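*Asks:* kindly generate the corresponding structure for this input.
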Amino acid sequence: MLTENAGGKHMNDETQQTDARRLEKEEIEDLGTVTLARGEHVIHCLTVIGQIEGHSEAPQGQKTTKYEHVIPQLVAAQEDPRIEGLLVLLNTVGGDVEAGLALAELIASVSKPSATLVLGGGHSIGIPLAVSARRSFIVPTATMTVHPVRHSGVILGVPQTMRSFEQMQQRITGFVAAHSGMTEKRYTDLMLHTGELVMDMGTVLDGRRAVKEKLIDELGGLSDALAWLYKEIERK
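*Replies:* Below is the predicted model of the structure:
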């Protein structure tokens, strides 16, 4: 009887491990997220890639991050007592302004230690997301593209439309200034710069320049972001 019970327990453990691995694989494939539970602390890792998709679906074939998928994950990261910290990996071309700003506000309101790491690119509305956590990191080869709000649909050529664009831009600029070391004036100067982007205005900052401009806190990679999170968690 003892042998059979031990064997049954072993089989149950293997089944639970297999189920856990399958669930983790599904979360990575479907949502681009995983909870890292094999290190010193439990870290929820969230990826923001491609185009940030809001109320309208992106065209077929585009890599997207759907905000209706991300919002529940952020709520879960806040409420789940097992999760001790949040890591957001960013490589985005921007996207829906309202959705991106909503996600940035949510990340900023998470009470647990949080860090962002920019890999590849952080364009347009990806910038508020990059600065939304308590600590932001960027790899040397990544870029931050600062440019004004754009609109791809039909707009009315009336003064009210222009005021609406100005208000939206002010919301973004204000958020970035409040969550980074860059002033609103400096962000606006970079945003309205001409001569750098083809047929557009704006500025492209590589990793080192983004840190020098105080848009991003620190130059570093995955190990640096995790080390900072571990340190913050252990301070509690």
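*Asks:* rest of the way, CA atoms for contacts and neighbours
*Replies:* OK.
*Asks:* check what pLDDT residue 37 gets.
*Replies:* On the pLDDT scale, residue 37 is placed at 64.
*Asks:* likewise residue 42?
*Replies:* We have a pLDDT of 93 for residue 42.
*Asks:* with residue 184 instead?
*Replies:* For residue 184, the predicted pLDDT is 96.
*Asks:* tell me the contacts of it?
*Replies:* Residues near residue 184 by CA atoms under 8 Å, 6 or more residues apart in numbering: 173-174, 176-177.
*Asks:* let's see it at 10 Å
*Replies:* 170, 172-178 (CA atoms under 10 Å, 6 or more residues apart in numbering).
*Asks:* cool, and residue 236?
*Replies:* The contact partners of residue 236, by CA under 10 Å, 6+ apart, come to 112-113.
*Asks:* how much space separates it from residue 82?
*Replies:* To residue 82, residue 236 is 15 Å away according to CA to CA, to the nearest Å.
*Asks:* for the nearest residue to residue 83 once chain neighbours are set aside, grab the count of nearby residues.
*Replies:* Distances taken as CA to CA, 6 or more residues apart in numbering put residue 42 closest to residue 83, at 5.2 Å, once the chain neighbours are dropped. Neighbours of residue 42 under the rule other CA atoms under 10 Å: 18.
*Asks:* go on, residue 56?
*Replies:* Neighbours around residue 56, by other CA under 10 Å: 8.
*Asks:* what about it, which helix or strand?
*Replies:* Following DSSP states H and E, there is no helix or strand that holds residue 56.
*Asks:* over to it: give its phi and psi.
*Replies:* Main-chain torsions, residue 56, degrees, to the nearest 10: phi -110, psi 140.
*Asks:* same check on the one 4 residues further on?
*Replies:* Phi and psi for residue 60, reported as degrees, to the nearest 10, are phi -60, psi 140.
*Asks:* okay, strands next: where are they in this structure?
*Replies:* 33-36, 43-53, 64-66, 85-95, 114-123, 135-138, 143-146, 203-206, 218-219 (DSSP state E).
*Asks:* beta partners for the residue nearest to residue 204 when sequence neighbours are not counted?
*Replies:* Leaving aside its sequence neighbours, residue 204 sits nearest to residue 145 (CA to CA, 6+ apart; 4.5 Å). Applying DSSP bridges to residue 145 yields these beta-bridge partners: residue 123, residue 204.
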